[in-house]
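Chemist: sequence and predicted model, in that order:
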Amino acid sequence: MKFRMVDRILDLEPGKSIRGMKTVSFEEYQLKSAFGGDCRLPESLVLESFFQLGNWLIMFSSDFKKMGLLIRVEQVQFESVLRPGQSMFMEVVVKSSRNDGVLFDGKATVDGEIIAKGKGCLATLVDSAEYFDPNDLRMLFSNLYRPDNPAPG
């Protein structure tokens, strides 16, 4: 995950759910509008934030032995946009899980208002060591999830 879209993991219940946040800085280069519109985080990167958060849940729940590769999204709905200076709070919930895959639903809010929601996100499970060093993943996770130092939300 070289392009990190989760700034903080707020809480998690292994194998069941995870909550996290992404704060959009005023300096993020992806905010520049190619078509002259207002600066905002593109919807594709809002989705990427969801996918990464769900993947952290898979990795943590498997002691960093497994990770998910997205293979399907049933439905996504965007209600609003994420602008510079705003924090997006995300929740991803496991709907079902098997040895070969995990099915998620999720939602994102800004200031208590839903900006995006999705259902039927299916990830197939693979060995994480094929893509990353599990020790590096553990270290990064420990920077994102610090239950002794809670973030706002």
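Modeler: Nice, thanks for sending it over. Residues are numbered from 1 along each chain as shown.
Chemist: dump the residue contacts of the nearest residue to residue 105 once chain neighbours are set aside.
Modeler: Leaving out its chain neighbours, the residue that sits closest to residue 105 by Cβ to Cβ, 6 or more residues apart in numbering is residue 119, at 4.4 Å. Backbone N, C-alpha and C define where each C-beta goes, glycine included. When contacts are counted by Cβ atoms under 8 Å, 6 or more residues apart in numbering, residue 119 touches 74-75, 95, 105-106.
Chemist: my read is that residue 101 contacts residue 120, right?
Modeler: No. Residue 101 is beyond contact range of residue 120, at 11.9 Å (criterion: Cβ atoms under 8 Å).
Chemist: neighbour count: the two, which is higher?
Modeler: For the pair residue 101 and residue 120, the greater number of neighbours falls to residue 101 (16 against 13), based on other Cβ atoms under 10 Å.
Chemist: TSV for the contacts of residue 119, including secondary structure?
Modeler: Below are the contacts of residue 119 laid out as TSV (DSSP: H, G, I helix; E, B strand; the rest coil):
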residue	secondary structure
74	strand
75	strand
95	strand
105	strand
106	strand
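Chemist: would you list the buried entries among those residues?
Modeler: With burial judged by 16 or more other Cβ atoms under 10 Å, the buried subset of those is 105-106.
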